[in-house]
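A.B. asks: Let's see this in three dimensions:
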Amino acid sequence: MRLNLYLLFFYSFGQLGFSQAYQINDLTSLYDQFMFEKTNMNDIDSRYMQIEGTPYLYDEFIKGEVILNDTVQLKDIPLRYDIYRDRIQFISKKNLILEVNPSTVLSAKIDEHKFIISNYLDDSEEKRGVLELLVDGKVRLYRKYQVAFMKATKVIGYKDPAPDRFERKDDIFLIAIGPGYPEVIIGKKEFFEKLKTIKPDIEQYAKRHKLKARYGKGMVKLVEVCNE
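C.D. replies: Numbers count the residues shown, from 1 in each chain. Predicted coordinates:
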């Protein structure tokens, strides 16, 4: 299921910001500026069609925006996020899928989701991948989606057989403070420990306002309070 398609960028760009950008709406206008391989989108999708479930955040491409080097804005470009392979994909007007090389520093907006490709820390191990930016500011909150590929299983006792399938797993949440890398947080204790470096009474604030340290309005609100 490896996709043989990479769009290689030779410059990097910062987090989502579309001011002072030259706008284009089709990747074919970049053919002379970048090197990439291409294939037909039907060939790519057919590899996943044999597997139950979906590896994507959205199955269909959704028009979104990407900023390149704070100068070139890709506007109204059909985008899709392959969670399983952790790749952002484009589709051109010529029906070509382009997959961003993971070494690229990317900022993209798909529907209401803002994504970056960034280094991050997972139990002190440095990794790199696609992160969704949930809260921006001095304290930043990110989410990392997860999809696992589960191989087909045979009948075992009373358990029915299952086909090859993709299964969504629990999302991972990360905190970044200042210029530091986002760090994976495990549980509310670690969450509050991070926030207390900015607002020492944040745990008491959460209790007074009945906010829980889990994703939703609670976690988002607590990070926003630290940015006030």
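
A.B. asks: Low-confidence stretches in this protein?
C.D. replies: For the chain, the stretches flagged by pLDDT under 70 are 1-44, 68-72, 105, 216.

A.B. asks: Now do the strands in it.
C.D. replies: Using DSSP state E, the strands of the chain run over 7-8, 22-24, 35-36, 62-68, 72-82, 87-91, 97-99, 107-110, 113-122, 125-135, 139-150, 165-177, 183-184.

A.B. asks: Quick one: the ones you listed as TSV, columns for mean neighbour count too.
C.D. replies: Backbone N, C-alpha and C define where each C-beta goes, glycine included. As requested, these are arranged in TSV below (neighbours: other CB atoms under 10 Å):
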stretch	mean neighbour count
strand 7-8	16
strand 22-24	12
strand 35-36	14
strand 62-68	20
strand 72-82	20
strand 87-91	21
strand 97-99	21
strand 107-110	21
strand 113-122	19
strand 125-135	17
strand 139-150	19
strand 165-177	16
strand 183-184	18
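
A.B. asks: Ok, which of those comes nearest Cys226?
C.D. replies: Taking CB to CB, strand 139-150 is the member of these nearest to Cys226, at 4.6 Å.

A.B. asks: What is the closest one packed up against?
C.D. replies: Judged by 3 or more CB pairs under 8 Å, 6 or more residues apart in numbering; DSSP states H and E, the packing partners of strand 139-150 are strand 125-135, strand 165-177, helix 217-226.

A.B. asks: so that strand versus strand 72-82, what angle?
C.D. replies: Between strand 139-150 and strand 72-82, the angle comes out at 40 degrees (axes from the mean of the first three to the mean of the last three CA atoms, to 10 degrees).

A.B. asks: CA-only coordinates of strand 139-150 in CSV, if you can.
C.D. replies: Listed next in CSV are the C-alpha coordinates belonging to strand 139-150 (Å, rounded to 0.1, in the frame of the first residue of the first chain):
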residue,chain,number,x,y,z
VAL,A,139,1.1,27.5,24.6
ARG,A,140,0.0,25.4,21.6
LEU,A,141,-2.2,22.4,21.6
TYR,A,142,-2.0,19.8,18.9
ARG,A,143,-3.7,16.5,18.0
LYS,A,144,-2.3,13.6,16.2
TYR,A,145,-4.8,11.2,14.5
GLN,A,146,-4.1,7.5,14.5
VAL,A,147,-5.3,4.6,12.2
ALA,A,148,-4.0,1.1,12.5
PHE,A,149,-4.0,-1.7,9.9
MET,A,150,-5.4,-4.9,11.3
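
A.B. asks: who does that strand pair up with?
C.D. replies: Here strand 139-150 has these sheet partners by DSSP bridges: strand 125-135 (antiparallel), strand 165-177 (antiparallel).

A.B. asks: Could I get the ones you listed in a markdown table, plus columns for distance to Asp111?
C.D. replies: As requested, the strands paired with strand 139-150 are exported to a markdown table (distance: least, CB to CB, whole Å):
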| stretch | distance to Asp111 |
| --- | --- |
| strand 125-135 | 11 |
| strand 165-177 | 16 |
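
A.B. asks: Which one of the strands of the chain lies nearest to Asn227?
C.D. replies: Ranking those by proximity to Asn227 (CB to CB) places strand 139-150 first, at 5.6 Å.

A.B. asks: How far does the closest one sit from its chain's centre?
C.D. replies: 7 Å (CA atoms, centre = their mean, to the nearest Å).

A.B. asks: before we move on, what about stretch 188-198?
C.D. replies: Offset of stretch 188-198 from its chain centre (CA atoms, centre = their mean): 23 Å.
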